[in-house]
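Enquirer: how would this look folded up:
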Amino acid sequence: MTPPEAEPGPRPQRVVVTSPRVGRRRPTTIASEIDAQSTVGEVYMRSLMRIQLRLALTVVGLLAATVGVLPLVFRLSSGVRRMHLLGVPLPWLVLGVGVYPVILALAVFYVRRAERIEADFTDMVGRERGPS
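Expert: Predicted coordinates:
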């Protein structure tokens, strides 16, 4: 027996079935990227560490340029080395008393700037990323 021949008619239209999640990816947060240790999270963390390192090197450079140079100045300048103020040699006064306001100012600058960097990073981490 031969099968009956089908009538030539319109072909049925092809339908593609997909998951409802395709194309609608949930927005992820930067915090979740960092927690997942993804490439994007690594980029954010590396950027934060680079900014922190730059701040630390800036403060150390300023400290070396101000306080670190003083012994060299006193060594090379015999006039300053022989000066006395209130019966105390000037280099002793400068190194014993005058250095602390500079160190305190640099410490305040460092702490405020570091807190601002961390607050900016925390704000950025709290925001959601758009769909990708």
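
Enquirer: name the helices or strands packed onto the helix or strand containing residue 115?
Expert: According to DSSP states H and E, residue 115 maps onto helix 99-126. Identification of packing neighbours for helix 99-126 by 3 or more CB pairs under 8 Å, 6 or more residues apart in numbering; DSSP states H and E yields helix 30-35, helix 39-66. The C-beta positions use only the backbone N, C-alpha and C, and glycine is treated the same way.

Enquirer: helices and strands around the last one, which ones?
Expert: Which is helix 39-66. Applying 3+ CB pairs under 8 Å, 6+ apart, we find helix 39-66 packed against helix 30-35, helix 99-126.

Enquirer: ok, now which ones touch the residue most central in space within the chain?
Expert: For the chain, the residue nearest the mean C-alpha position is residue 48 (1.9 Å; CA atoms, centre = their mean). Residues counted as contacts of residue 48 (CB atoms under 8 Å, 6 or more residues apart in numbering) are 117, 121.

Enquirer: Okay, it and residue 34: tell me how far apart.
Expert: Distance, residue 48 to residue 34, using CB to CB, to the nearest Å: 10 Å.

Enquirer: ditto for residue 99
Expert: Going from residue 99 to residue 34 by CB to CB gives 40 Å.

Enquirer: I'd guess residue 71 is in a strand, am I close?
Expert: No. Counting by DSSP: H, G, I helix; E, B strand; the rest coil, residue 71 is not part of a strand but helix.

Enquirer: So, low pLDDT: which residues of the chain?
Expert: 1-8, 19-28, 30, 35, 128-132 (pLDDT under 70).
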